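S.K.: Following is a predicted model, sequence given first.
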Amino acid sequence: MTQTPPHPSEPRICVVGAGNLSSKRIYPYLVPAGGELAGACDLDAEKAERNARLYGGRPYTDMDAMLAEEKPDGVIVCVGPSAHPKLAIQAMRQGYPVYTEKPPAGSVADALEVARVARQTGLLCVTAFKKRYTAAADRATAWLAQFPPEDLYSLSIDYCSAQYPNDPANPNRTFLLDFTVHILDLTHYLFGDVAEVFAFSKGLDAYAVSLRFANGAVGSLNLNCGRAFHIPTEEIELTAKGGNYMTIHNSSSWRITEGNKPCEWREPPTFTSAGDSGRDTGHLSELEDFVTALKEKRNTSRSAIYESYKTMVLYEAIRDSAETGKIVPTVFETP
């Protein structure tokens, strides 16, 4: 009788950071994503001990000590963008694949350095850009793939939040970097590299952005923090030649028209875009991608660090254009 081969063990993962975001979006999804928590690390020992108690693994207050003891299959870093580059590089230099929360860094230069270390070490390095992993993004990329790049006409997005403090002394907590970076990442994921950017802004609170893509398509982004967190605003319009267009509402509902005829309408059974479905929000799916890559020992991901570096280039181009009043070309360096 043929024996069933043993089920491969779940990748053992250490998490650096046990604050509010990781405790809501990472620890609870780790097991459903196919992983096992090996260690929880936070400078606040009580937080590390709490998450280790709730989700398994052992508590630590020092990442290096945790990695030396646990020798995990991968590391997740969720401590704030200013520390993401340092800790990601530290982990990769020790031989561990890394997943960091968004953004990958506070600047283009730091993101590029992380991408260079990933290339040098040959290790997987992923950024948690959840919008790439939503059900709507899956459908949109599949739908757009039927058109040659030259037939893509335009992309427009409204993406808004509640009021941010927008302290210039703390750019990591400004609306443009902390909130809109998700939709900036989705913009080039859907329509390809951006070639040029022009932006108007009202201080740090609102941005009107015009884009020209490398494939010739154009785009517009309406971004502001004058609305609400609990009532999300995310409206996306994608248009291709020949009466073909797709409308996406809050990452969960969509309508598709082809050849000027309605052909698809998707409405989820529950309102999930402000909730925790994990699929429509992308939180579970992005972790699954990381865990699966660890299982398969591959160095590929739809949100690999070089893609995240491109997102940071787009962010800085919008910021610089708003400040200078000039068109800013995007320049992507090789890691």
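M.R.: Alright, I've got the coordinates. Numbering: from 1, shown residues only.

S.K.: what sits opposite the nearest residue to residue 265 once chain neighbours are set aside in the beta ladder?
M.R.: Spatial nearest neighbour of residue 265, excluding adjacent residues (Cβ to Cβ, 6 or more residues apart in numbering): residue 255 at 5.2 Å. From N, CA and C alone the C-beta is placed, and that goes for glycine too. With DSSP bridges as the criterion, residue 255 is bridged to residue 247, residue 265.

S.K.: Please report how far residue 241 lies from residue 193.
M.R.: 20 Å (Cβ to Cβ, to the nearest Å).

S.K.: cool, and residue 296?
M.R.: Relative to residue 193, and taking Cβ to Cβ, residue 296 is found at 28 Å.

S.K.: out of the two, which sits in the more crowded spot?
M.R.: residue 193 (13 against 10; other Cβ atoms under 10 Å).

S.K.: pLDDT score for that one?
M.R.: For residue 193, the pLDDT comes out at 98.

S.K.: In contact with the nearest residue to it once chain neighbours are set aside, which residues are there?
M.R.: Nearest residue to residue 193 in three dimensions, chain neighbours excluded: residue 214, at 4.5 Å (Cβ to Cβ, 6+ apart). The contact partners of residue 214, taken as Cβ atoms under 8 Å, 6 or more residues apart in numbering, are 192, 193, 194, 195.

S.K.: shouldn't the third one be in contact with residue 216?
M.R.: What that stands for is residue 194. No. Using Cβ atoms under 8 Å, residue 194 is not in contact with residue 216; the gap is 11.8 Å.

S.K.: What's the mean pLDDT across stretch 138-156?
M.R.: Mean predicted confidence for stretch 138-156 is 97.

S.K.: Any idea how far apart the tips of that stretch sit?
M.R.: 18 Å (Cα to Cα, to the nearest Å).

S.K.: that older thread, and which of the contacts of residue 214 is nearest residue 58?
M.R.: Lowest distance from residue 58 to those (Cβ to Cβ) belongs to residue 193, with 43.1 Å.

S.K.: measure that closest one to residue 42 for me?
M.R.: In terms of Cβ to Cβ, residue 193 sits 37 Å off from residue 42.

S.K.: ok now do the closest residue to residue 82 other than its chain neighbours, which residues does it touch?
M.R.: Closest residue to residue 82 apart from its sequence neighbours, by Cβ to Cβ, 6+ apart: residue 106 at 5.1 Å. For residue 106, the contact set (Cβ under 8 Å, 6+ apart) comprises 81, 82, 85, 171, 172, 177.

S.K.: does the fifth one count as helix, strand or coil?
M.R.: With DSSP: H, G, I helix; E, B strand; the rest coil as the basis, the three-state label of residue 172 is helix.

S.K.: just to revisit the earlier point, quick check, pLDDT for the residue nearest to residue 82.
M.R.: 95.

S.K.: do the same with residue 2
M.R.: 38.

S.K.: ok, back up a step: could you write me a PyMOL select line covering just the buried ones among the contacts of residue 106?
M.R.: Applying 16 or more other Cβ atoms under 10 Å to the contacts of residue 106, the buried members can be selected in PyMOL as follows:
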select buried, resi 81+85+171+177
